[in-house]
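Chemist: I would like to see how this sequence folds:
(one chain, ligands or ions: 1)
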Amino acid sequence: MSAEQQPQVSEAQIAVHWREEEYYQPPEAFIAQANAADPAILERFAEEHFPECFTEYANLLDWDAGWHTTLDTSNPPFWKWFVGGRLNACYNCVDRHLATSRNKAALIWVPEPETEDTKAVTYQELYRRVNEFAALLRDFAGLQTGDRVTFHLPMVPELPVAMLACARLGVIHSEVFGGFSGAACGDRIADSGSRILVTMDGYYRNGDLVDHKTKADEALDRAAALGQRVDKVLVWRRHPGQYASKSPMVDGRDFFVDELLADYRGRLVEPVSMPAEAPLFLMYTSGTTGRPKGCQHSTGGYLAYVAGTSKYYQDIHPTDTYWCAADIGWITGHSYIVYGPLALGTTSVMYEGVPTYPDPGRPWRIAERLGVTIFHTAPTTIRMLRKLGPDEPGKYHYRFKHMTTVGEPIEPEVWRWYHDTVGKGTAVIVDTWWQTENGGFLGATLPALQPMKPGSCGPGVLGVYPVIYDENGDVVEAGSGRAGNICIRNPWPGIFQTVWGQPDRFVQIYYERYCRDKDSTDWHDWPYFAGDGAVQAADGYFRILGRVDDVINVAGHRLGTKELESASLTVPEIAEAAAVPVIDELRGRAVEMYVALKPGLAPSDDIARKVTAAIEHEIGKIARPANVWIVPDMPKTRSGKIMRRVIAGISNFTDVGDVSTLANPEIVDDIRHHIQAAKLARGQVPRELTAQEAEEIKAFGHTE
Ligand code: WTA
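Modeler: Residues are numbered from 1 along each chain as shown. Below you'll find the predicted structure:
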């Protein structure tokens, strides 16, 4: 074939070859008790019943007033669900369960130190604590419906208490993952315009009582520099009455919550009846540009969606003991530790610490002791537990009926260990694909009705109709073996409402790519662009390949390359920086930074250390790069753009592709030689990449 005859395929369309995995059928015992065991449910949610099918989810909630319009598309793509309806999310997660389940555990909190007692918080106790804290937020902190409040809280019951207290008042909460740095928290305080910060003095992580309050001081400095003043810092104490931080309490600004609460004992606050469309919370996530995006989630649509998916996909019954081992600081914890399970009135387990502390048998000890029936975690944790304690699950007498995986693609062999060893061959696995922006699951199998296939998330969930488009907007057919951009053709109730304060970016990032007609108010013209590459098998199951934008998924956490690069550029010696992913056995992907110095400066370990410190300071330890490489120059295009795919190829020991069109092709061999020799010396040669991983590395940065 001559060059002209070759079909023009872009990188996202390149055929991806792998072996088709076999199906696993759900056990009979699971099917017999499943919430969704009748295939009629698939029919009820078929496209001809959209959007009314979602009233089934909304009917799981108690409404103060019914809605008149299920889906309002008059201002696309700002979809409105259940318009006219009113409800309170806290009432739905707490108050309405009191009549039947007052003394049932809503939360079971497992502290990290095994010497500390597990604490059960009953629905009654949760009700009391939420009311008291809501009274404090309203009367002491002066928060009103529609205000934003930032939390920087670890995995302690005070976090769901604070979330539900806000929900009770119609105050919009914005929880920042506890592992993020003070500076990252400050950025989010400023972006959301919060005047109140709720934090904690310390928490246990890997055996240490971490000083957390110090981050509040950094956060306030950063927020102030960005023009946002915080009036009050409300500090919970991990051990009430004992202060565990070295950071001084600032008089008139910082207050111990356990002391303040004495004045609010027994106080009750009426739940505020909110419009379905009122924002419930913000959750920040990383994207293509430096600034994190505050995903704004609604009250009615969101709560209905997480309740419905918790019921049918997590198969939560009120009698289950459900443990989602995510952190509430991420969307998974919001939807599937707090709002979904509590809306259904189940018992939700929270664990404070690291899954492998003090040994990799810890999760299974917790499961055995508490009688956990549903277990939910991420591939990174599964890989880690498999590596450190492959035989540990067999030593404990727990019995899961259901297990979830979320956040990253799971390798089939890891899936099989999860199934055979953790699930003991008797639990179903539901691989759930979705994003911070989505509120709840987008792709997953209905566990009693659709067989499992390792490495595939399954078809679109009930009422969600995904499609794969190529670069030209043509549909990539199922079974074609070609990859493309996975999109969702229709709105669904859990979709976020906007990017906080940046409606233009909301439209531009998620809808512009495949919008057919900007003047149309027909949702069919507005497919949602998820930013993931995917392949659809002939059976309709999707296999998610990873991000197509400049996001690196490290241990299930989304890190934007631009954020990593701008953090590096805060080091005065650095002139240019580029972040690339490397394949990592445990964390899925890790980050490597390439930096070039300002003229006249000599490379040193000290400068590399400063780059790492800057990233930890600006983002947090989760973003710490595996390596910082100081290079004489970056490979660049003639127009001066850094070619990230070339350096990603070097870091992963894969083909760097055609470099002849670079402005400085000679630099490539130079860097490759230097860096690969250093990685060899450090014992960091990656295993041979799968075809899929190699494609990902090759495509990295191609959006530029
Ligand atoms: C990836 C987490 C493969 C994907 C809920 C997505 C997955 C990003 C899966 C969102 C899965 C999430 N299989 N990849 N089951 N779930 N992802 O916003 O690339 O933290 O775009 O939401 O994680 O990450 P986020």
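Chemist: burial count for the closest residue to residue 189 other than its chain neighbours?
Modeler: Excluding the flanking residues, the one nearest residue 189 by C-beta to C-beta, 6 or more residues apart in numbering is residue 223, at 4.2 Å. Backbone N, C-alpha and C define where each C-beta goes, glycine included. Counted with other C-beta atoms under 10 Å, the burial measure for residue 223 works out to 27 neighbours.
Chemist: Any idea how far the helix or strand residue 223 falls within is from the middle of the chain?
Modeler: In this structure, residue 223 sits in helix 213-225 according to DSSP states H and E. For helix 213-225, the distance from its own C-alpha centre to the chain's C-alpha centre is 24 Å (C-alpha atoms, centre = their mean, to the nearest Å).
Chemist: can you tell me the average pLDDT over that helix?
Modeler: Model confidence over helix 213-225, given as mean pLDDT, is 98.
Chemist: Give me the residues contacting it.
Modeler: The contact list for helix 213-225, computed with C-beta atoms under 8 Å, 6 or more residues apart in numbering, reads 152, 181-183, 185-187, 189-190, 194, 197, 199-202, 229-230, 233, 235, 245-247, 254.
Chemist: What's the local residue count around residue 390?
Modeler: Taking other C-beta under 10 Å as the criterion, the count of residues near residue 390 is 12.
Chemist: And for residue 104?
Modeler: For residue 104, the count of nearby residues is 17 (other C-beta under 10 Å).
Chemist: got it, and residue 208?
Modeler: Neighbour count of residue 208, defined by other C-beta under 10 Å: 12.
Chemist: let's have the chain start at 46 instead
Modeler: That works, and once the first residue is 46, the last one we named lands at residue 253.
Chemist: ok, it - contacts?
Modeler: Taking C-beta under 8 Å, 6+ apart, one finds nothing in contact with residue 253.
Chemist: Who does it form a beta bridge with?
Modeler: Beta-bridge partners for residue 253, by DSSP bridges, are residue 250.
Chemist: any idea how far residue 535 is from it?
Modeler: Using C-beta to C-beta, to the nearest Å, we find residue 253 at a distance of 47 Å from residue 535.
Chemist: per-residue pLDDT, the residue of the stretch 396-545 of the chain found nearest the ligand?
Modeler: When distances are taken as C-beta to the nearest ligand atom, the stretch 396-545 of the chain reaches nearest to the ligand at residue 481, 3.4 Å away. Looking at residue 481, its pLDDT is 97.
Chemist: Count the residues that sit near it.
Modeler: When neighbours are defined as other C-beta under 10 Å, residue 481 has 20 of them.
Chemist: Hmm, residue 603 and it touching each other?
Modeler: Yes: judged on C-beta atoms under 8 Å, residue 481 makes contact with residue 603 at a distance of 7.4 Å.
Chemist: Give me the common contacts of the two.
Modeler: Each of residue 330 lies in contact with both residue 481 and residue 603 under the rule C-beta under 8 Å, 6+ apart.
Chemist: So among the contacts of helix 258-270, which ones count as buried?
Modeler: By the neighbour-count criterion of 16 or more other C-beta atoms under 10 Å, the contacts of helix 258-270 include these buried positions: 197, 226-228, 230-232, 234-235, 239, 242, 244-247, 275, 278, 280, 290, 292, 299.
Chemist: Just the ones of the residues you listed in helices?
Modeler: Judged by DSSP state H, helices contain the following of the buried ones among the contacts of helix 258-270: 227-228, 230-232, 234-235.
Chemist: Switch the residues you listed over to CSV; also include pLDDT and distance to the ligand.
Modeler: As requested, those are arranged in CSV below (pLDDT from 0 to 100; distance: C-beta to the nearest ligand atom, whole Å):
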residue, pLDDT, distance to the ligand
227, 98, 21
228, 97, 20
230, 98, 18
231, 98, 21
232, 96, 18
234, 98, 21
235, 98, 22
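Chemist: quick one: which of these is nearest residue 337?
Modeler: Residue 337 has its nearest neighbour among these in residue 232, at 6.6 Å by C-beta to C-beta.
Chemist: Reduced to three states, what does the residue of the stretch 146-295 of the chain found nearest the ligand come out as?
Modeler: Proximity to the ligand, evaluated over the stretch 146-295 of the chain using C-beta to the nearest ligand atom, is greatest for residue 222 at 10.2 Å. Under DSSP: H, G, I helix; E, B strand; the rest coil, the three-state class of residue 222 is coil.
Chemist: How about the contacts made by it?
Modeler: Residues touching residue 222, when contacts are defined by C-beta under 8 Å, 6+ apart, comprise 372, 374-375, 665.
Chemist: quick one: residue 371 and residue 382, what's the gap?
Modeler: Residue 371 is 6 Å from residue 382, by C-beta to C-beta.
Chemist: Residue 496 against residue 71, yeah?
Modeler: Yes: under the criterion of C-beta under 8 Å, residue 496 is in contact with residue 71, at a separation of 7.2 Å.
Chemist: Would you mind listing what in the stretch 346-495 of the chain touches the ligand?
Modeler: By the criterion of C-beta under 6 Å from any ligand atom, the positions of the stretch 346-495 of the chain lying close to the ligand are 375-377, 451-454, 476-481.
Chemist: can we see that at 8 Å?
Modeler: The stretch 346-495 of the chain has residues 375-377, 424, 450-455, 476-483, 488-489 near the ligand, with proximity defined as C-beta under 8 Å from any ligand atom.
Chemist: Select from these every entry located in strands.
Modeler: 450-451, 476-477 (DSSP state E).
Chemist: First-to-last residue distance for stretch 607-626?
Modeler: Between the opening and closing residues of stretch 607-626 we find a distance of 13 Å, counting by C-alpha to C-alpha, to the nearest Å.
Chemist: Now the lowest-mean-pLDDT helix or strand in the chain: buried residues?
Modeler: Across the helices and strands of the chain, mean pLDDT, DSSP states H and E gives its lowest value to helix 736-744, namely a mean of 84. Buried residues in helix 736-744, counted by 16+ other C-beta under 10 Å: 737-744.
Chemist: elements contacting it?
Modeler: Packed against helix 736-744, as judged by 3 or more C-beta pairs under 8 Å, 6 or more residues apart in numbering; DSSP states H and E, are the following elements: strand 587-592, strand 619-629, helix 689-696.
Chemist: Turn the ones you listed into a markdown table, including mean neighbour count, mean pLDDT and distance to the ligand.
Modeler: Compiled in a markdown table, those are given as follows (neighbours: other C-beta atoms under 10 Å; pLDDT from 0 to 100; distance: least, C-beta to the nearest ligand atom, whole Å):
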| stretch | mean neighbour count | mean pLDDT | distance to the ligand |
| --- | --- | --- | --- |
| strand 587-592 | 23 | 91 | 4 |
| strand 619-629 | 22 | 95 | 12 |
| helix 689-696 | 25 | 94 | 17 |
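Chemist: export the ones you listed to TSV and tack on distance to residue 640?
Modeler: Below are the helices and strands packed on helix 736-744 laid out as TSV (distance: least, C-beta to C-beta, whole Å):
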stretch	distance to residue 640
strand 587-592	23
strand 619-629	5
helix 689-696	11
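Chemist: and the chain, which residues reach the ligand?
Modeler: 330, 375-377, 424, 450-455, 476-483, 488-489, 502, 575-577, 589, 591-592, 596, 598, 601-603.
Chemist: Name the helix or strand for residue 732, please.
Modeler: Assigning secondary structure by DSSP H and E places residue 732 outside every helix and strand.
Chemist: Return the residues in contact with it.
Modeler: If a contact means C-beta under 8 Å, 6+ apart, then residue 732 has 628, 630 as its contacts.
Chemist: swap in the one 10 residues further on?
Modeler: Residue 742 makes contact with 626, 628, 690, 693-694, 697, 699, 734, according to C-beta under 8 Å, 6+ apart.
Chemist: Neighbours of the closest residue in space to residue 566 that isn't next to it in sequence, how many?
Modeler: Counting by C-beta to C-beta, 6+ apart, residue 566 lies nearest to residue 118, which is 5.2 Å off, once chain neighbours are set aside. Other residues near residue 118 come to 19 when the count uses other C-beta under 10 Å.
Chemist: Sweet, I'm off.
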